[in-house]
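Asker: Predicted model and sequence follow; I will ask about them next.
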Amino acid sequence: MIAWLLRRLVQAAFVVLAMTVIVFIGVNVIGNPVDILISPEADQAERLRIIANLGLDQPLWRQYLHFLVGLLHGDLGRSFVFNEPALRLIGQRMPATMELAVTAVLLSIVIGIPLGLYAGLYPDGAAGRSIMAGSILGFSLPSFWVGLMLIMVFAVQLGWLPSTGRGATRELFGVQWSFLTIDGLRHMAMPALNLALGNIALVLRLTRAGVRENLPMDYVKFARAKGLSPARVVFVHVMKNILIPIVTVIGLEFGSVIAFAVVTESVFAWPGMGKLIIDSINVLDRPVIVAYLMVIVLLFIAINLIVDLLYTVLDPRVRLESQE
């Protein structure tokens with residue numbers, strides 16, 4: 001197990017190194033921040049001084065080596081606009097995005113798995129067919145349109161929920177969180193639901209497919225023949241066998257929710273990392289863009305590692321292979 005874990009960590013290190021090359025070069029060959037950050041009225045001497053201060057006068061390979069050294073020391077550069085460490089700016093916005101993403105994933109689990117189970121157990125009923133039809137809408141409707149409709153219905157017409165912002169927060173472990181206050185939960189309800197709709201549909205359909213595939217299996221028939229209750233057959237035997245693909249999808253979708261919460265955060269003016277990256281792209285703030293992408297890469301790698309570890313808990317066969 002330890003050897004397997006070390007091997008995965010080495011693989012992750014190579015992935016991070018490869019992504020630093022792709023991300024850094026990809027960001028630095030697009031646009032010229034000098035044209036945006038420096039006033040057109042500045043003279044040539046002033047322009048050269050600012051370019052030197054930003055480190056843009058160095059060749060690309062030297063900038064990359066400087067970035068790589070900083071990365072090893074936990075420094076991803078300073079923002080061109082805010083003149084602050086890029087990692088600090090992202091860290092200030094990360095709690096808002098993380099609580100939104102965690103809430104969205106929890107909604108996809110709490111809503112998607114029970115609905116998928118019901119649709120799998122009763123596929124020919126009116127409720128089961130309605131659930132599957134609703135899941136198609138979850139895949140099909142664009143998130144920005146759904147967000148606008150949620151604002152129009154629940155904020156403008158009914159006045160039940162606030163339309164934008166994060167609301168009141170409360171400090172926990174030195175970080176401000178919205179879910180600790182009623183006002184924060186009211187502000188978080190619509191963006192979290194909007195972010196979770198696609199994942200709910202995905203988890204629902206995956207759960208239904210797993211149930212329909214496993215119900216005719218011999219081990220289910222044997223469990224029923226032993227006189228086990230239907231609830232025990234479903235929740236102990238069937239659920240245990242369909243959890244691996246569900247855990248895989250939930251893990252990958254959690255990373256995707258964090259990475260692609262940009263649209264939802266923009267629609268609801270949620271002050272998270274997504275809104276920060278949009279503002280940084282508009283002014284070509286390269287250090288913030290690179291730092292954001294590297295944080296997302298590290299999150300995906302960490303999530304994949306956690307999912308692999310969960311495999312060994314859910315499936316003894318995977319545990320045996322890792323020991324071998």
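Answerer: Cool, got the structure.

Asker: For residue 131, give me its contacts.
Answerer: With contact set as C-beta atoms under 8 Å, 6 or more residues apart in numbering, residue 131 has these partners: 115, 118-119, 204. Backbone N, C-alpha and C define where each C-beta goes, glycine included.

Asker: Go through the residues you listed and name the one nearest residue 25.
Answerer: For residue 25, the closest of the contacts of residue 131 turns out to be residue 204, at 40.0 Å, with distances computed as C-beta to C-beta.

Asker: surely the closest one meets residue 109?
Answerer: No - using C-beta atoms under 8 Å, residue 204 is not in contact with residue 109, being 10.6 Å away.

Asker: Please say which of those two ends up with more neighbours.
Answerer: Neighbours per residue, other C-beta atoms under 10 Å: of residue 204 and residue 109, the larger number sits with residue 204, 26 against 16.

Asker: picking up where we left off before, tell me which of the contacts of residue 131 fall in helices.
Answerer: Assigned to helices by DSSP state H, the following of the contacts of residue 131 qualify: 115, 118-119, 204.

Asker: now the strands: where do they sit in this protein?
Answerer: Remark: strands assigned in the chain by DSSP state E are 170-172, 175-177.

Asker: Just put the ones you listed in a markdown table and tack on mean pLDDT, mean neighbour count and distance to residue 25.
Answerer: What follows is the strands of the chain, written out as a markdown table (pLDDT from 0 to 100; neighbours: other C-beta atoms under 10 Å; distance: least, C-beta to C-beta, whole Å):
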| stretch | mean pLDDT | mean neighbour count | distance to residue 25 |
| --- | --- | --- | --- |
| strand 170-172 | 83 | 11 | 39 |
| strand 175-177 | 81 | 17 | 34 |
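
Asker: confidence score at residue 44?
Answerer: Predicted confidence (pLDDT) for residue 44: 69.

Asker: contacting residues for the most centrally placed residue in the chain?
Answerer: The chain has residue 258 as the residue nearest its centroid, 2.3 Å off, counting by C-alpha atoms, centre = their mean. When contacts are counted by C-beta under 8 Å, 6+ apart, residue 258 is found next to 97-98, 101, 273, 296, 299.

Asker: List just the nearest of those to residue 227.
Answerer: Proximity of the contacts of residue 258 to residue 227 (C-beta to C-beta) peaks at residue 101, which lies at 43.3 Å.

Asker: Next, the contact list for residue 217, please.
Answerer: residue 241.

Asker: Now the phi/psi pair for it, please.
Answerer: Main-chain torsions, residue 217, degrees, to the nearest 10: phi -70, psi 160.

Asker: Quick check: the farthest pair among the ones in helices among the contacts of residue 131?
Answerer: Comparing all pairs in those by C-beta to C-beta, the longest separation belongs to 118 and 204, at 9.5 Å.

Asker: how many neighbours does the closest residue to residue 162 other than its chain neighbours have?
Answerer: Across the structure, with C-beta to C-beta, 6 or more residues apart in numbering as the measure, the residue nearest residue 162 apart from its sequence neighbours is residue 187 (5.2 Å). Look at residue 187: counted by other C-beta under 10 Å, it has 24 neighbours.

Asker: and the gap between residue 220 and residue 82?
Answerer: The gap separating residue 220 from residue 82 is 58 Å, by C-beta to C-beta, to the nearest Å.

Asker: Kindly report the same for residue 160.
Answerer: 36 Å.

Asker: hang on, residue 16 packs against residue 297?
Answerer: Yes - with contacts defined as C-beta under 8 Å, residue 16 counts as touching residue 297 at a distance of 6.4 Å.
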